[in-house]
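S.K.: Sharing a model prediction with you, sequence too.
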Amino acid sequence: MPKKKDAKKIVFQSADEMPMMPMSIGSMLYNKTGSWRNIRPEIRLEDCIQCGICWKFCPDMSIGIENELPVVDYDYCKGCGICAEECPVKCIVMVEERK
Amino acid sequence: MKKVMMGNHALSYGAMLSRAQVIAAYPITPQTQVVELLSEMCADKTLNAKFIKVESEHSAMAACIGASITGARTFTATSAQGLALMHELLHWASGGRLPVVMGNINRSMAPGWSIWTDQNDSLSERDTGWMQFYCASNQEVLDTVIQAFKVSETLAIPSMVILDAFTLSHTYEVVDIPDKAKVDEYLPPFKPPYRLTPDDPHAFNGLTSPEHYFELRYKLQKDMEKVPALIEETGREYEKLFGRYLGLVDDYLCDDAEIILVTSGTAGYTARVAVDELRGSGVKAGNLRMKVFRPFPFEVVQRILKRAKKVAVVDRNISYGHHGIFAQEVKSALYGQAGDIPVFGFIAGLGGRDITPASFREVVDYTLSHDIPEDNILWIGVKK
């Protein structure tokens, strides 16, 4: 996982350059909230029935669909386990994160 | 066209003439007839707006924020506990620079449960980054809603248009309803520089690191500082079209006054009765009615008050452990000004107890008979 200091930050040099409200200031490009995770979802794709329920339930939009199969974005997945709980065939398991 | 209407309906007419596009409101107590009439206007197409009923004031302001960020002109109304429930979202509206306009009926905070007037509800929201306009007539309520949209949308700062419960909200007065086409001329459609749209996707109001947060607050304050001049400018523009000037304050016989009564809301007109009586008996009295409280109009308040020998502020509110809130702020405005004018801080009329000409007579008698106040709070009409 890239560290914060590796990511490119948007830093405005003066107030005049900035929009008046926090708008598209790119803070989530470097703030990879996946680093908070203690348990990670792992998907046994051979058992997946491609129902899309994990994709729909993920509260952080950290599950994408590629070639009709779910893919976890570990940069932002916080490991809440909702996908594993909701998976109707239980092909998502939560395993302990080793750091 | 002239119409006899209550203060609540003056707010509704103001929103209708401003062509509000989204109105979100919680329809039960402490709500008033403001949104009842607006819902009827939406139903019969007098007003082409989306009316969103929600389950709380917190949700009402959230819906207004959502609508405003897409570029819709947005209005709501509330009162007392309802305003308090919105507190968190008030910061979202101002921090997100969304020019929502809201009517607030000044009702006392519970407990004891109260539907009568004082200003502690809106003054508790003093530091949320909203502009605050305190009105003294139904005409002023209607006119101010239209002006508030103009000022809010120009500077991207939300506004609260505030009126006293019952003494204005449910009191019927003759109100001149401005011509709709002329209002359109005064208030063009809302076109924000940024908005939430699929055509140009952006993320709004996300995580803001210490590298940027400070500047956002600096920018809000800098724009707040532009408000007084803009209110005077848009007030003159309004006068040209409709014959009524909408300024920062309303001063009455202050030019040669030795004692100036500072008031806000409807108590201002009662103070004038007392001022006239005093003038009749040879006392040079005047009344400065504060209309705009946020941003605080330092310059005009200093200019008017520094001519007086004594200033008596009558507050219908209290900052517990300090004193009346307008009195605090008038004192801070006069700090460092020449003359060291004594400011007498009176508190009257909490919880809707009437402020009468006799109350002002008591205020004036005390102020004239003392060189300096004996206490930070001088109570009027409390059963001690």
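M.R.: That came in fine, so what should we check first? Numbers count the residues shown, from 1 in each chain, chains lettered A, B, ... in the order given.

S.K.: Next, the buried residues of stretch B:88-96.
M.R.: Neighbour counts over stretch B:88-96 (16 or more other Cβ atoms under 10 Å in any protein chain shown) mark B:89-90, B:92-96 as buried. From N, CA and C alone the C-beta is placed, and that goes for glycine too.

S.K.: I would like the residues contacting that stretch, please.
M.R.: Contact with stretch B:88-96 is made by A:21-22, B:58, B:61-62, B:64-65, B:68-69, B:98, B:100, B:125, B:128-130, B:157-158, B:204-205, B:216, B:220, as judged by Cβ atoms under 8 Å, 6 or more residues apart in numbering or on different chains.

S.K.: Just the buried ones from these?
M.R.: Applying 16+ other Cβ under 10 Å to those flags A:21-22, B:58, B:61-62, B:64-65, B:68-69, B:98, B:100, B:125, B:128-130, B:157-158, B:204-205, B:216, B:220 as buried.

S.K.: so residue B:247 makes contact with residue B:231?
M.R.: Yes: with contacts counted by Cβ atoms under 8 Å, residue B:247 reaches residue B:231, the gap being 6.9 Å.

S.K.: Who has more neighbours out of these two?
M.R.: residue B:231 (24 against 17; other Cβ atoms under 10 Å in any protein chain shown).

S.K.: And the spatially most central residue of chain B, how close does it get to residue B:237?
M.R.: In chain B, the residue lying closest to the centroid (Cα atoms, centre = their mean) is residue B:133, at 2.2 Å. Residue B:133 is 16 Å from residue B:237, where distance means Cβ to Cβ, to the nearest Å.

S.K.: What helices and strands are in contact with the helix or strand bottoming out on mean pLDDT in chain A?
M.R.: Ranked by mean pLDDT, DSSP states H and E, the weakest helix or strand in chain A is helix A:27-30, scoring a mean of 82. Packing contacts for helix A:27-30, counted by 3 or more Cβ pairs under 8 Å, 6 or more residues apart in numbering or on different chains; DSSP states H and E, involve no helix or strand.

S.K.: how about the residue lying farthest from the centre of chain A, what does it touch?
M.R.: For chain A, the residue at maximal distance from the C-alpha centroid (Cα atoms, centre = their mean) is residue A:16, at 32.9 Å. Residue A:16 makes no contacts at all, as judged by Cβ under 8 Å, 6+ apart.

S.K.: what's the answer for residue B:350, then?
M.R.: B:108, B:118, B:120, B:316-318.

S.K.: Go through these and name the one nearest chain A.
M.R.: Lowest distance from chain A to those (Cβ to the nearest Cβ) belongs to residue B:120, with 29.6 Å.

S.K.: what about the closest one, how many residues close to it?
M.R.: 20.

S.K.: quick revisit: where does the residue farthest from the centre of chain A land on pLDDT?
M.R.: If you check residue A:16, the pLDDT there is 91.

S.K.: Wasn't it part of a helix?
M.R.: Yes: judged by DSSP: H, G, I helix; E, B strand; the rest coil, residue A:16 forms part of a helix.
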